[in-house]
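Visitor: kindly generate the corresponding structure for this input.
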Amino acid sequence: MPQTPPRAAAVIVAAGSGMRAGEGGPKQWRRLAGKPVARWSAEVLTASCTPAVVVIRPEDREVAETALAGLPVVFVHGADTRTGSVRAGLAALPSPGPDRVLIHDAARPLLTRGVVERLLAILDEADAAAPALPVADTLKRAGEDRWVTGAVDREGLWRVQTPQAFRRAALDAAYAALPEGEAPTDDLAVVEAAGGRVRLLPGDPALLKLTYPEDFDLAERLAGTGRTTRVGLGVDAHRFAPGDGVWLCGVKLPCDLRLLGHSDADAGLHALTDAVLGALGEGDIGDHFPPSDPQWKGAPSNLFLRHAAGLAAARGGRILNVDVTLVCERPKVKPHRAAMRARVAEILALPLEAVSVKATTTEGMGFPGREEGLLAQAVATVELPA
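Guide: As a prediction, the model looks like this:
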């Protein structure tokens, strides 16, 4: 498919230790509703932002790579302060690059595509913008002993969220002018100090920051509400021809056959791609990757499946599980099932237990029974915002 220029770049700040969130390691790598916290927002941001830089602690490299496997992100090491980590992330962005950049805290997982789109649009008239919620509760001042010492007028006060969006030139200039050693609480303050025009947009109550152990309980409830589960079915079949191996579910099975097709003819991944597209109501694989387009000749089918998964993520959805059934007399599938499951799990960034690959025969009946080709069926369960 023709590639459109990226609208924005993103910096995801994930270099904190998350000590206040309780046991379980840094909060950004803990699981929320079965998925790493940082992955929730990374999936949404990478659908609109290229490149996406994730700022991490050096000691978190392995867990970060596992948590964000399959996503088009670049990792850089952060600093002791949030300001230093943001500087490191901005330095890793290409220059020249997209003229807009989003900076997001990985500990705010429940980001939606709508928030991203509204932020990018408002930059037509502002140097910086962020989602924010008006302060609704009464505010009191108190000491460490919690004895009240006074009240705070809440008129005009807002709770600012992330991602925060910036014109790249304004942000770079503001950080260049920031005195060494200063550590503002957010990046809007950097642009404000440089005289930039800053706009607040209506925020999302679900876009809470995970700070304390009880925040995880609330986020778990929010992640499961206002969402719907859809099931998609995919079917694909290809003829055999003489060859040196058959691609199935991302694994090449050695034999004296190959499957005929415009791409690598991986019927398992083709059926699974159609299953995901079907759950999304997004047509079929031919709509997105026409066989008449020469750029897909011989292409690996994992590209198609990742595209379908990216569409789900861009809509704030997640794939819950997939099940593939291969129908053929040969090649023998069973010796390769474990490798196939692992490969599909890697492509979709799913836990292994959420991926099933099975095989059966037709007892000599039909074209699979006559060994003229093989058939693949797949089912995908996808959760989407209602």
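Visitor: what residues does Ile56 make contact with?
Guide: Ile56 is in contact with Ala14, Ala15, Ala64, Phe75, Val76, His77, Gly78, counting by CB atoms under 8 Å, 6 or more residues apart in numbering. In short, each C-beta sits where N, CA and C put it, glycine included.
Visitor: just for the stretch 101-250 of the chain, where's the confidence low?
Guide: Along the stretch 101-250 of the chain, the parts satisfying pLDDT under 70 run over 224-226.
Visitor: which residue ranges form the helices in it?
Guide: Along the stretch 101-250 of the chain, counting by DSSP state H, counting those that start in this stretch, helices occupy 113-122, 168-177, 187-193, 213-224.
Visitor: deepest-packed of these, please.
Guide: Mean neighbour count, computed with mean count of other CB atoms under 10 Å, is highest for helix 187-193 among these, reaching a mean of 21.
Visitor: so what does that one touch, helix or strand wise?
Guide: strand 128-134, strand 164-167, helix 168-177, strand 198-202 (3 or more CB pairs under 8 Å, 6 or more residues apart in numbering; DSSP states H and E).
Visitor: need these in CSV with distance to Glu353, can you?
Guide: Listed next are the helices and strands packed on helix 187-193 as CSV, based on distance: least, CB to CB, whole Å:
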stretch, distance to Glu353
strand 128-134, 35
strand 164-167, 37
helix 168-177, 42
strand 198-202, 39
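Visitor: closest to His270 out of these?
Guide: Checking the helices and strands packed on helix 187-193 against His270 by CB to CB gives strand 164-167 as the closest, at 37.6 Å.
Visitor: can you list contacts of the closest one?
Guide: Contact with strand 164-167 is made by 8, 99-104, 119-120, 122-123, 126-130, 186-188, 191, as judged by CB under 8 Å, 6+ apart.
Visitor: can you list the strands that it pairs with?
Guide: Strands that pair with strand 164-167, judged by DSSP bridges, come out as strand 100-105 (antiparallel), strand 128-134 (antiparallel).
Visitor: in PDB, list the C-alpha atoms belonging to that strand.
Guide: Extracted in PDB, the C-alpha atoms of strand 164-167 (Å, rounded to 0.1, in the frame of the first residue of the first chain):
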ATOM      1  CA  GLN A 164       1.000  16.600  25.400                       C
ATOM      2  CA  ALA A 165       1.300  17.800  21.900                       C
ATOM      3  CA  PHE A 166       3.800  20.300  20.500                       C
ATOM      4  CA  ARG A 167       5.000  22.000  17.400                       C
END
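Visitor: residue numbering should commence at 844 henceforth.
Guide: Happy to do that; since the first residue is 844 now, the last one works out to strand 1007-1010.
Visitor: check which residues of it are buried.
Guide: Neighbour-count burial for strand 1007-1010, counted by 16 or more other CB atoms under 10 Å, picks out Gln1007, Ala1008, Phe1009, Arg1010.
Visitor: picking up where we left off before, of the helices of the stretch 944-1093 of the chain, which is nearest Lys878?
Guide: Distance to Lys878, taken as CB to CB, is lowest for helix 1056-1067 among these, at 8.6 Å.
Visitor: and the closest one, what does it pack onto?
Guide: Using 3+ CB pairs under 8 Å, 6+ apart: helix 1056-1067 touches strand 874-875.
Visitor: chain center to the helix or strand just after the strand it packs on, what's the gap?
Guide: Proceeding N to C from strand 874-875, the next assigned helix or strand is strand 878-879, under DSSP states H and E. On the basis of CA atoms, centre = their mean, to the nearest Å, strand 878-879 sits 10 Å off its chain's mean C-alpha point.
Visitor: quick one on the thing from earlier: of the contacts of strand 1007-1010, buried ones?
Guide: 851, 943-947, 962-963, 965-966, 969-973, 1029-1031, 1034.
Visitor: can you give the domain ranges for this structure?
Guide: The chain breaks down by automatic domain parsing into domains covering 851-1067, 1070-1228.
Visitor: reformat the strands paired with strand 1007-1010 as TSV; add distance to Leu1154.
Guide: Putting the strands paired with strand 1007-1010 into TSV (distance: least, CB to CB, whole Å) gives the following:
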stretch	distance to Leu1154
strand 943-948	20
strand 971-977	24
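Visitor: out of those strands, which is closest to Val991?
Guide: If you check each of those against Val991 by CB to CB, strand 971-977 wins as the nearest, at 22.7 Å.
Visitor: nearest spatial neighbour of the residue nearest in space to the middle of the chain, skipping sequence neighbours?
Guide: Closest to where the C-alpha atoms of the chain average out (CA atoms, centre = their mean) is Glu886, at 1.2 Å. Leaving aside its sequence neighbours, Glu886 sits nearest to Ala1156 (CB to CB, 6 or more residues apart in numbering; 3.5 Å).
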